[in-house]
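Asker: next come a sequence and a model predicted from it.
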2 protein chains.
Amino acid sequence: MCLHCNYQELLTSVNLEATESRLRVLEVVGNNSFPMSAGDIYKTLERNSTINRVTVYRILDLLVGSGIVERLSTGGRSAYYGLAPNNFHKPHPHFYCKQCGQMDCLNPDSLTVKVESLSKTFPGRIDKVEVRLDGICKNCLKQN
Amino acid sequence: MCLHCNYQELLTSVNLEATESRLRVLEVVGNNSFPMSAGDIYKTLERNSTINRVTVYRILDLLVGSGIVERLSTGGRSAYYGLAPNNFHKPHPHFYCKQCGQMDCLNPDSLTVKVESLSKTFPGRIDKVEVRLDGICKNCLKQN
DNA sequence: ATCGAATATGCAATATTGTTGCATTAAAAA
DNA sequence: TTTTTAATGCAACAATATTGCATATTCGAT
């Protein structure tokens, strides 16, 4: 849950119309404490009122493109989405459970990555650093 | 290219029969200096002699399961495969070009991740840490 | 407020990547 | 050599994501 965000403002701040669908998608992404897949976002939205699956994908692309949502790779087949890092929300690593697919956010300081030296000499453009731990979460460990 | 590896031995060392298909897959993975997708591995193999796409997927699963090949997530839709870290081959971060899909291996020391403190307190089981930089590679930068 | 242009959404079809079940072939063990 | 086990091939399927085009909504100008 992002207490600092007014989603309407967040959208207009990146020159996106704050349509109902966009607000709905952004609220689901933002009000969750962990990243989730497009499919889960869609299912969550459909519980309240109808929306097209393709619209969800397109809005997610749009939000990722505008930088307010972050697309995360997983150890599985689908991408997960969460609010992108910002002033109130530092970049942080994630933990992905291979068994249940749950993704958790880890403490920003729990893992440190020093990228400065590399980015000085690397010949390409670096847009993003992703640090992900894969394994089995507490709950799934219990069940086995 | 892994100069230290005899692929036949590598397979038998993990109790896998060194069948021709497995050797072929492992050679493609091992003789490449960068990780590649299952599809690319399949295409590469088919240039020489026939092999089934499903067989490639199954062999890759097997090799990943036995720990001699590593499955890497990308900023794109498909997983990439490379030789798993071992004594001659330290774990290292990767760079993924969002435009052309090329993945490069970075110097093991170019990015440091300190995971010890976290793994002491983390309630789940951590099997793997993946560090990936996403961006645009040198070549693609030139072309635009 | 109304009209026209631009943008957003919905729907159907399709693409990409990966998986499953079962038949066939090859290899290992007896 | 025969029997048993394991590997591969083939076809169908599944999950995830994307595209093209039709429809609906919103915005801006009048």
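Answerer: Nice, I can see it.

Asker: contacts and neighbour counts: CA atoms only from here.
Answerer: OK.

Asker: show me where pLDDT drops low in chain A?
Answerer: Within chain A, the segments meeting pLDDT under 70 span A:1-4.

Asker: centroid-nearest residue for it?
Answerer: A:Gly82 (1.8 Å; Cα atoms, centre = their mean).

Asker: what helix or strand is that one located in?
Answerer: Element membership of A:Gly82, judged by DSSP states H and E, is strand A:80-83.

Asker: the following helix or strand past that strand packs against which elements?
Answerer: Where DSSP H and E defines the elements, the next helix or strand beyond strand A:80-83 is strand A:94-97. Judged by 3 or more Cα pairs under 8 Å, 6 or more residues apart in numbering or on different chains; DSSP states H and E, strand A:94-97 is in contact with strand A:103-105, strand A:125-136.

Asker: what about the helix or strand just after the longest one, near chain B?
Answerer: Using DSSP H and E, the helix or strand that directly follows strand A:125-136 along the chain is helix A:138-143. Yes - shown here: helix A:138-143 in contact with chain B (Cα under 8 Å from any Cα of the partner chain) through A:138-139, A:141.

Asker: and A:Asn107, how many neighbours does it have?
Answerer: 13 (other Cα atoms under 10 Å in any protein chain shown).

Asker: and the gap between A:Gly82 and B:Gly76?
Answerer: Distance, A:Gly82 to B:Gly76, by Cα to Cα, to the nearest Å: 17 Å.

Asker: do the same with A:Arg47
Answerer: 29 Å.

Asker: which one's more surrounded, the two?
Answerer: Shown here are A:Arg47 and B:Gly76; by other Cα under 10 Å, B:Gly76 has more neighbours (16 against 9).

Asker: select, out of the helices and strands packed on strand A:94-97, the one closest to DNA strand D.
Answerer: With Cα to the nearest atom of the strand, the closest approach to DNA strand D among the helices and strands packed on strand A:94-97 belongs to strand A:103-105: 13.5 Å.

Asker: brilliant, that's me finished.
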